[in-house]
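> Mind looking at a prediction? Sequence and model below.
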Amino acid sequence: MNKISKILILLAPLLLFAPPAKAYQDYGVEKVRFHSYLTYTRVVLEVSGEVGYIIRDLTNPPRLLINLYPAKLTSLERKIDIRDRFVQRLRLSQDSEHVTRVVLDLMNSEYTYDIFSLKSPHRLVIEVKSPREDPIADLLKPREFPYSSSESVSEENLRVYKVILDPGHGGEDPGAIGSTGLKEKEVSLAVALEVANLLKDEAGIDVYLTRTDDRFIPLDQRTEMANQWGGDLFVSIHANAAFNRKASGIETFFNSRYLYGEGAAEVAARENAPLGDDDVSGEVKAILWDLMQDRYRDESNELSHFVQRKLYQATYLEDRGVKSAGFYVLRGAAMPAILVEIGFISNPWEEQKLRKEEFRKKIALGIFRGIKDYLESYNERLSR
Ligand SMILES: [Zn+2]
């Protein structure tokens, strides 16, 4: 026993009589941040001083419980939805006078975690990850989509699909700009939000958007987010442009190392342009990304046809068909993934149409119907 312990034991009777409010200086939990990565989720708690903590992992349902002390809650949200591959939500409560409780509700019971504190500012960092060694190999394994064939499918256990919508461009990257100034990033967002509403309201499908406002997101981060969310489908929405102002119509793409379809190379070159220098950190990663999407090429091709057909029926714009090329924004997706070009912003007549809310709604309806029909046909095949 060291000296300090001895002194504490001697002082214990005195401390018991001391008013508790003075014995502790509570530190405030001031900010909660989280970030979803492909292989783990990081939660950061900013605290006004160095707090102690006790962590326990609980099962049924799986969750991590962290008690911080001496700490008190400030005016933070008490419940934060995270909904990625590892963590469902985070909950905060004042467990007792000096103890703040943080609960991470986890997505599944197979996980490991790290917890550590950092200084200036004081932070407690919790990282939840898969216990598997190689997440890339894991992602490259064929998935049960959406069931293993031995399972019977009934109405009740039809799973809720997760559709990831990706409004093209954003922030400093406007995408194509029309002769009267309409920006692709604005049209793609408006249409994606409309598709999201339809999927949620009309079909009860879970929808995630890579952006909901005017911000820049690097291309590879978009599929990384989609993988993190455990999406079933990835749909990137864009408007087209060409030197020839008469070029018009709608076309749908899936990722392939082989070009297919007239003008596919030009569209891919334009859509790949926002790729920053460090977006693809190396050839190995790029090859893995391509392999990843290769697994879903047939499904992506099929989804393209469903969406292209319904989009044509909803808009009667020129049908330019389904094409393929190498798209950075699609290649890393561990799910069927397509890129829809909803009309030519460089064509003055189509630019005017793309400006109108009524026409945007038509486009959204077409994309929505294509996705819905695709998922229904998938379910039908599985239940046969
Ligand atoms: Zn675009």
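Cool, the structure landed.
> show me the contacts for the residue in the stretch 151-300 of the chain that the ion sits nearest to.
Residue nearest to the ion within the stretch 151-300 of the chain: His238 (3.3 Å; CB to the ion). (C-beta placed from N, C-alpha, C; glycine too.) His238 is in contact with Gly168, His169, Gly175, Glu184, Ser188, Glu271, Leu339, Val340, Glu341, Ile342, counting by CB atoms under 8 Å, 6 or more residues apart in numbering.
> Kindly provide the distance from the residue lying closest to the third one once chain neighbours are set aside to Ala176.
Once flanking residues are discounted, Gly175 sits nearest to Glu184: 2.9 Å by CB to CB, 6 or more residues apart in numbering. Distance of Glu184 to Ala176, computed by CB to CB, to the nearest Å: 4 Å.
> Settle it for me: which of the two has more neighbours?
Higher neighbour count among Glu184 and Ala176: Glu184, with 29 against 24, using other CB atoms under 10 Å.
> residues touching the more buried one, list them.
For Glu184, the contacting residues are Gly168, His169, Pro174, Gly175, Ala176, Ile177, His238, Ala239, Ala241, Ile345, by CB under 8 Å, 6+ apart.
> need these in CSV with pLDDT, secondary structure and distance to Ala71, can you?
Below are the contacts of Glu184 laid out as CSV (pLDDT from 0 to 100; DSSP: H, G, I helix; E, B strand; the rest coil; distance: CB to CB, whole Å):
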residue, pLDDT, secondary structure, distance to Ala71
Gly168, 97, coil, 43
His169, 96, coil, 42
Pro174, 96, coil, 45
Gly175, 95, coil, 46
Ala176, 95, coil, 51
Ile177, 96, strand, 51
His238, 97, strand, 47
Ala239, 97, strand, 50
Ala241, 95, coil, 54
Ile345, 97, coil, 52
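> Just give the closest residue to Asn255, not the sequence neighbours.
Counting by CB to CB, 6+ apart, Asn255 lies nearest to Leu330, which is 3.9 Å off, once chain neighbours are set aside.
> Just name the closest of the contacts of Glu184 to Ser75, please.
For these, the residue nearest Ser75 by CB to CB is His169; the value is 35.9 Å.
> Confirm Ser117 sits in a strand?
Yes. Assigned with DSSP: H, G, I helix; E, B strand; the rest coil, Ser117 falls within a strand.
> isn't it right next to Val125, touching?
Yes. The pair Ser117 / Val125 is scored as a contact, 7.2 Å apart, by CB atoms under 8 Å.
> So the residue nearest the centre of the chain: helix, strand or coil?
A centroid search over the chain (CA atoms, centre = their mean) returns Met225, at 3.4 Å, as the residue closest to the centre. Three-state assignment for Met225 (three-state DSSP): helix.
> Roughly how far does it sit from Glu172?
For Met225, the distance to Glu172 - CB to CB - is 19 Å.
> One more: Lys185?
Look at Lys185 and Glu172: by CB to CB, they are 10 Å apart.
> Tell me which of the two has more neighbours.
Neighbour totals were compared for Lys185 and Glu172, and Lys185 leads with 24 against 10 (other CB under 10 Å).
> Tell me where the stretch 151-300 of the chain has strands.
Assigned by DSSP state E, counting those that start in this stretch, the strands in the stretch 151-300 of the chain fall at 162-167, 206-209, 233-240, 250-255.
> and the angle for the first one with strand 233-240?
Using axes from the mean of the first three to the mean of the last three CA atoms, to 10 degrees, the inter-axis angle of strand 162-167 relative to strand 233-240 is 20 degrees.
> repeat for the last one
For strand 250-255 against strand 233-240, the angle between stretch directions is 130 degrees (the same axes, to 10 degrees).
> What strands line up against strand 250-255, and which way round?
strand 319-325 (parallel), strand 337-344 (antiparallel) (DSSP bridges).
> Would you tell me which one of those is buried the most?
Counting by mean count of other CB atoms under 10 Å, strand 337-344 has the highest mean neighbour count of those, with a mean of 29.
> how about that strand against the ion, any contact?
No. Strand 337-344 lies apart from the ion when judged by CB under 5 Å from the ion; the minimum separation is 7.6 Å.
> tell me the angle of the helix or strand just after that strand relative to strand 233-240?
With elements assigned by DSSP states H and E, the helix or strand that comes after strand 337-344 is helix 348-355. Per the same axes, to 10 degrees, the angle that helix 348-355 makes with strand 233-240 is 130 degrees.
> For helix 348-355, what is the distance to the chain centroid?
Centre-to-centre, helix 348-355 and its host chain are 30 Å apart (CA atoms, centre = their mean, to the nearest Å).
> still on that earlier bit, for the residue of the stretch 151-300 of the chain closest to the ion, which non-adjacent residue is spatially closest?
Distance criterion CB to CB, 6+ apart; nearest residue to His238, sequence neighbours excluded, is Gly168 at 3.9 Å.
> In the stretch 151-300 of the chain, where is pLDDT below threshold?
For the stretch 151-300 of the chain, the stretches with pLDDT under 70 are 151-159, 275-286.
> count of residues packed around Ser48?
Ser48: 17 neighbours (other CB under 10 Å).
> mind listing what it touches?
Going by CB under 8 Å, 6+ apart, Ser48 touches Tyr27, Gly28, Glu30, His122.
> Can I take it that the third one is in a helix?
No. Membership of Glu30 in a helix is not supported by three-state DSSP, which gives strand.
> Might one say that it is in contact with Thr74?
Yes. Using CB under 8 Å, Glu30 makes contact with Thr74 at a distance of 5.6 Å.
> Among those two, which residue is more densely surrounded?
Under the criterion of other CB under 10 Å, the comparison of Glu30 against Thr74 puts Glu30 first, with 15 against 12.
> Can you name every helix or strand that the longest helix belonging to the chain contacts?
Longest helix in the chain by number of residues (criterion: DSSP state H): helix 357-383. With contacts taken as 3 or more CB pairs under 8 Å, 6 or more residues apart in numbering; DSSP states H and E, helix 357-383 sits against helix 184-203, strand 233-240, helix 297-315, strand 337-344.
> what residues does the stretch 251-384 of the chain put near the ion?
Neighbours of the ion within the stretch 251-384 of the chain, by CB under 5 Å from the ion: Glu271.
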